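1. 3D model of this:
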Amino acid sequence: MYVRCFGNFEVFYNGEIVHFGRNKSKELFAYLVDRKGASATNSEIRAALWGDRASDDDNQKRYFSQIVFSLRETLKNLGEEDVLIQHRDSYAVMADHIKCDYYLAEEYDLKALSVFEGEYMSQYEWAEERIGYIGQKYI
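-> Alright, predicted model coming up:
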């Protein structure tokens, strides 16, 4: 599995783009990849994915469960279900099981650094703050 964070977020498996059953499942995976293995509570994740529209109502909690299930199914179909870690009320990814341009850049991999053109997970509003961090650290 290869994850591209610079530019638009995409996941590749054996060179092919991975298609997620739901856009929010892909965004959930992106959010967890961004955290590099640090866990996030369900509430933190919902706040990131829905911003001002995040709530603790039962409908959103059910939808969140569906998103997680869809992500699990996508990873299972790839044979990569172990990448997603679930604790009691939180999720994380096993960062060392993912090859990722952002992770490689963190290790000062010159090839990964050369790909960064000022964009990071462009389709996700919550990822904007990371651009400043990357820009300061690597440029």
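
2. please name every helix or strand in contact with the longest helix belonging to the chain.
-> The single longest helix within the chain, with elements called by DSSP state H, is helix 58-78. Contact here means 3 or more Cβ pairs under 8 Å, 6 or more residues apart in numbering; DSSP states H and E; on that basis helix 58-78 packs against helix 23-34, helix 42-50, strand 84-87. Using the backbone N, CA and C atoms, a C-beta is placed for each residue, glycine as well.

3. distance between the first one and the chain's centre?
-> The chain centroid and the centroid of helix 23-34 are separated by 4 Å under Cα atoms, centre = their mean, to the nearest Å.

4. please apply the same query to stretch 29-49.
-> Mean-position distance between stretch 29-49 and its chain equals 7 Å (Cα atoms, centre = their mean).

5. for stretch 62-71, same thing?
-> For stretch 62-71, the distance to the chain centre is 15 Å (Cα atoms, centre = their mean).

6. name the residues of it that come out as buried.
-> Applying a neighbour-count criterion of 16 or more other Cβ atoms under 10 Å, the buried positions in stretch 62-71 are 63-64, 67-68, 70-71.

7. and the residue nearest the centre of the chain, what does it touch?
-> In the chain, the centroid-proximal residue (Cα atoms, centre = their mean) is residue 30; its distance is 1.5 Å. Taking Cβ atoms under 8 Å, 6 or more residues apart in numbering as the criterion, residue 30 is in contact with 5, 9, 121, 124, 127.
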